[in-house]
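Visitor: please find the sequence and the predicted model below.
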Amino acid sequence: MKAFAAATAVAVTLVAAGSASAQDVRVAYGDLDLTTASGAQQFDRRVNRAVRTACQGGSLLETARCATALRAEIQSLLPSVRREEYARGRSTRQMAMIPVHYG
């Protein structure tokens, strides 16, 4: 299971604007149950950690643009099934059924 979990990671090559160097960003998700709120939150924490590491050192605007683009890229690289699971895990809002009486 650990070998499988290690193999299931989103990998992004980030090229900084104006820089000739590229940086690999990897976010593991194979050990997470993305259908649960806690699994989705853990994935978000991993993504945020990767973003903080990869997008540092520029101006505030450059950092914000890098973070937005990198988050979107990481999520888009999840396999479609895992992306759907992640969406379900993130949508844990409780909806209340309130009876409405007319008349």
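Guide: It's in. Numbering: from 1, shown residues only.

Visitor: can you give me every residue that contacts Ala9?
Guide: 26-30 (C-beta atoms under 8 Å, 6 or more residues apart in numbering). (C-beta placed from N, C-alpha, C; glycine too.)

Visitor: okay, it: pLDDT?
Guide: With respect to pLDDT, Ala9 scores 76.

Visitor: same thing with Ala5?
Guide: In this model, Ala5 is scored at 44, pLDDT.

Visitor: that older thread, who wins for neighbours among the contacts of Ala9?
Guide: Tyr29 (22 neighbours; other C-beta atoms under 10 Å).

Visitor: quick one: that one and Leu77 touch, right?
Guide: No - the criterion here is C-beta atoms under 8 Å, and Tyr29 misses it with Leu77 at 10.2 Å.

Visitor: closest to Arg82 out of the contacts of Ala9?
Guide: Arg82 has its nearest neighbour among the contacts of Ala9 in Tyr29, at 6.5 Å by C-beta to C-beta.

Visitor: this structure: strands as residue ranges?
Guide: Taking DSSP state E to define them, one finds strands in the chain at 9-15, 22-28.

Visitor: can you put the ones you listed in JSON lines and add distance to Ala69?
Guide: Output for the strands of the chain, formatted as JSON lines (distance: least, C-beta to C-beta, whole Å):
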{"stretch": "strand 9-15", "distance to Ala69": "9"}
{"stretch": "strand 22-28", "distance to Ala69": "11"}
